[in-house]
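**Q** based on what follows, work out the 3D shape:
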Amino acid sequence: MTHHTLSPKGPTVPDFCLGTMTWGTQTPVADAHHQIDMALERGLNFLDTAEMYPVNPISADTLGRTEDIIGQWNAKGARDRLIIATKVSGDGAGVIPGGAPPISAARLRSGVEGSLKRLQTDFIDIFQLHWPNRGSYHFRKNWTYTPPRDKARTRAHIAEVLTEAAALIAEGKIGRIALSNETAWGLAQWIAVAEAQDLPRVACVQNEYSLLCRLFDTDMAEASVMEDVPLLAFSPLATGLLTGKYAGGVIPEGSRREKSDTLGGRITPRVFETVSAYLGLARDWHIDPVHMALAWHRSRPFVSIPIIGATISKQLAHQLPAMDLALDPELIAAIDACHRAHPLPY
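**A** All right, here's what the predicted structure looks like:
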């Protein structure tokens with residue numbers, strides 16, 4: 001397994017990450033704990049979670065339950081075996097009663113304190129902002145995106161949050177601060193303010209990235225490489241589309257699509273044609289499409305760490321062999337050709 005250091009002086013993590021967002025709704029406690037054990041057996045000790053998890057559905061009644069489940073595992077005395085990343089919810093998160101306020105110094109601190117308690121730990125390795133206060137083009141908002149205009153306000157917010165992050169790091173409560181659902185300009189601002197004011201530098205950025213969602217490939221890729229900020233790629237199987245289980249419009253019982261028929265806007269008139277092309281490519285190369293979609297991240301010209309997730313342990317067992325796979329250069333070229341033929345399916 002390859003390992004990466006998340007930004008200068010950041011933690012060293014494997015090139016896969018275990019996602020947890022269904023733990024506590026679709027995934028019961030025992031199965032979630034079994035998934036941690038399965039991952040550790042393969043050397044996968046990197047977990048990603050968030051205060052607003054679990055999902056499917058997102059609910060105020062289950063707020064923080066995923067972190068609670070991880071905390072129950074930590075309470076067994078093996079916390080030091082894990083590298084844990086979690087997130088504080090941003091402006092307007094409906095899962096928080098009354099709606100989450102914009103992320104500020106106070107909101108960052110309260111988010112850290114809440115996560116520490118639920119995770120039953122005194123230290124969080126990576127603490128992420130779930131989305132920017134100013135908004136972004138992620139989650140299909142790119143089709144109607146209107147850029148923000150208040151640069152001074154954004155930079156003041158960044159300085160405030162990074163100053164508080166420095167205090168939390170000094171107190172030993174978090175290791176590194178990080179971002180999620182960011183843009184290239186936004187990432188550049190976080191780095192510029194940190195360098196100008198000698199404040200903590202962001203360790204990584206977590207954005208959606210898969211064979212079907214490749215917004216990261218241009219400006220964000222350049223920023224990632226030039227500024228040494230690796231990508232944590234969420235939804236690397238495109239919420240299950242790349243497994244083929246939804247082919248032909250099928251909605252399996254207990255699946256994510258049973259809870260969200262559009263899969264967050266990913267079901268479009270072109271998506272199944274695109275999925276079919278990738279499934280056909282995997283068939284022609286005699287490779288499991290799940291393994292192809294996950295191992296493909298190793299081929300990128302920037303560090304892309306896929307966050308794998310499973311509703312049940314059997315699904316995780318299916319994904320783990322991808323950790324040992326490197327794709328043939330000719331298959332990578334065929335994937336590139338498929339992308340050019342089927343760009344932006346949603």
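
**Q** what ranges does the stretch 101-250 of the chain have for its helices?
**A** 105-119, 151-170, 184-197, 219-226 (DSSP state H, counting those that start in this stretch).

**Q** right, so of those, which gets closest to L316?
**A** helix 105-119 (20.5 Å; Cβ to Cβ). To be clear about C-beta, it is placed using only N, CA and C from the backbone, and glycine gets the same treatment.

**Q** surely I305 forms part of a strand?
**A** Yes. Counting by DSSP: H, G, I helix; E, B strand; the rest coil, one finds I305 located in a strand.

**Q** thought it was touching L18?
**A** No. At 10.8 Å, I305 and L18 do not qualify as touching, with contact defined as Cβ atoms under 8 Å.

**Q** between these two, which contacts overlap?
**A** Overlap of the contact sets of I305 and L18 (by Cβ atoms under 8 Å, 6 or more residues apart in numbering) consists of F46.

**Q** one step back: kindly reformat the helices of the stretch 101-250 of the chain as TSV containing mean pLDDT.
**A** Listed next are the helices of the stretch 101-250 of the chain as TSV, based on pLDDT from 0 to 100:
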stretch	mean pLDDT
helix 105-119	98
helix 151-170	98
helix 184-197	98
helix 219-226	98
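
**Q** just name the most buried of these.
**A** Looking across the helices of the stretch 101-250 of the chain with neighbours counted as mean count of other Cβ atoms under 10 Å, the highest average goes to helix 105-119: a mean of 19.

**Q** buried ones in the helix or strand bottoming out on mean pLDDT in the chain?
**A** Within the chain, no helix or strand scores below helix 256-259, which has a mean of 88 by mean pLDDT, DSSP states H and E. By neighbour count on 16 or more other Cβ atoms under 10 Å, the buried set for helix 256-259 is 256-257, 259.

**Q** can you dump the C-alpha atoms of stretch 4-17 in PDB for me?
**A** Provided in PDB are the C-alpha atoms of stretch 4-17 (Å, rounded to 0.1, in the frame of the first residue of the first chain):
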ATOM      1  CA  HIS A   4       1.000  10.000   1.600                       C
ATOM      2  CA  THR A   5       1.900  12.800   3.900                       C
ATOM      3  CA  LEU A   6      -1.000  15.300   4.000                       C
ATOM      4  CA  SER A   7       0.700  18.600   3.400                       C
ATOM      5  CA  PRO A   8       4.000  19.600   5.100                       C
ATOM      6  CA  LYS A   9       4.200  18.100   8.600                       C
ATOM      7  CA  GLY A  10       0.800  16.500   8.200                       C
ATOM      8  CA  PRO A  11       0.000  12.900   9.200                       C
ATOM      9  CA  THR A  12       1.000  10.000   6.900                       C
ATOM     10  CA  VAL A  13      -2.000   8.100   5.700                       C
ATOM     11  CA  PRO A  14      -2.700   5.200   3.300                       C
ATOM     12  CA  ASP A  15      -3.900   6.000  -0.200                       C
ATOM     13  CA  PHE A  16      -7.400   4.800   0.600                       C
ATOM     14  CA  CYS A  17      -9.700   6.100   3.300                       C
END
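
**Q** model confidence over it, on average?
**A** Averaged over stretch 4-17, pLDDT sits at 91.

**Q** off-centre distance for that stretch?
**A** With Cα atoms, centre = their mean, to the nearest Å as the basis, stretch 4-17 stands 14 Å off its chain's centre.

**Q** with stretch 20-31 instead?
**A** 17 Å.

**Q** straight-line length of that stretch, end to end?
**A** Distance across stretch 20-31, first residue to last, is 11 Å (Cα to Cα, to the nearest Å).

**Q** tell me which residues are up against it.
**A** The contact list for stretch 20-31, computed with Cβ under 8 Å, 6+ apart, reads 32, 35, 47-50, 53-57, 62, 65-66, 68-70, 72, 254, 309-313.

**Q** how close does the closest residue to D122 other than its chain neighbours get to G71?
**A** Of all residues not flanking D122 in the chain, L116 sits nearest, at 6.5 Å (Cβ to Cβ, 6 or more residues apart in numbering). From L116 across to G71, the span is 9 Å (Cβ to Cβ, to the nearest Å).

**Q** what do you get for Q35?
**A** Applying Cβ to Cβ, the value for Q35 to G71 is 15 Å.

**Q** neighbour-wise, which of the two wins?
**A** Taking other Cβ atoms under 10 Å, Q35 and G71 do not tie; Q35 has more neighbours (27 against 18).

**Q** residues contacting that one?
**A** Q35 makes contact with 18, 23, 27, 310, 313, 316 under the criterion Cβ under 8 Å, 6+ apart.

**Q** and I70, by the same measure?
**A** By Cβ under 8 Å, 6+ apart, I70 lies in contact with 20, 23, 32, 36, 47, 49, 84, 118-119.
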